[in-house]
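[1] here's my sequence, what's the structure:
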Amino acid sequence: MAKIHDHERQLDASLIIVFGDKMKPIMDYLRLLLFICGVLIGIQVPAFVEQYGQSLAAHTSEAKMALAQFQRDADRFFDGDLAALIAHYRQNPDSVINAGAQSIESLHERYQLLDDALQRFNQSSYSGFQQLAFAPLEDVRSEVWQHFSHNIMLDGRAIAIGLILGLLISIFCELLLRGCVGLYAAGCRLLMPKKVKS
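    From the prediction side, this is the model:
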């Protein structure tokens, strides 16, 4: 009986060795494919960041233009103090003008939010990447994502990000695959009947 179990184990081991040898080229190509996919994804990142910055600048300009007429009124009547103009609108007994104060305040807050984000985006050559990764304006990022045109910008940043992302994806998948194979091998060892001493 023990000889039969030994023979089955030797057969399983030889199948694994043969199967593993034939799979090695396929695994090498899979690693290469994962690396290339990571590089292609990575070189898209600078183009996305650039489009995000352009959209942020456009939204900021649009908000400034929407606020311009009210700013002119504030310059003319309140020495440029937009908060004083808003307070004046709020104190007006006419409910329509009073409600206009909320609209002006919303426009002003939106402009300040966009302008602050744009200034942080333009602080350094990598601040745009940092802002997009950690503190983006969600509505602007969603809009850019929906209308993103996949460009390949082959500048130094794109190549570096592409290579780093390709390497990280390859390493992650390799570790994941090795972990799965290790778990499978451990499970097989646990399920194999133990050798009975005679």
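
[2] C-alpha from now on. contacts and neighbour counts both.
    Will do.

[3] and Ala68, how far is that from Ala47?
    Going from Ala68 to Ala47 by Cα to Cα, to the nearest Å gives 31 Å.

[4] and Leu56, how many residues sit next to it?
    Counted with other Cα atoms under 10 Å, the burial measure for Leu56 works out to 21 neighbours.

[5] residue contacts, it?
    By Cα atoms under 8 Å, 6 or more residues apart in numbering, Leu56 lies in contact with 114, 117-118, 140.

[6] how about Glu174?
    Counting by Cα under 8 Å, 6+ apart, Glu174 has contacts Arg31.

[7] so it, which of the three states?
    Of the three states, Glu174 takes helix under DSSP: H, G, I helix; E, B strand; the rest coil.

[8] distance of it from Trp145?
    Taking Cα to Cα, one finds Glu174 at 29 Å from Trp145.

[9] kindly report the same for Tyr29.
    31 Å.

[10] next one: Lys64
    Relative to Trp145, and taking Cα to Cα, Lys64 is found at 24 Å.

[11] wait, Arg110 sits on Ala63?
    Yes. The criterion here is Cα atoms under 8 Å, and Arg110 meets it with Ala63 at 7.0 Å.

[12] center of the protein, which residue is that?
    Here the mean C-alpha position of the chain is nearest to the C-alpha of Ala133 (Cα atoms, centre = their mean), at a distance of 6.0 Å.

[13] which elements pack onto the particular helix or strand that has that residue in it?
    For Ala133, the host element (DSSP states H and E) is helix 127-134. Counting contacts by 3 or more Cα pairs under 8 Å, 6 or more residues apart in numbering; DSSP states H and E, helix 127-134 is packed against helix 45-77, helix 95-121.
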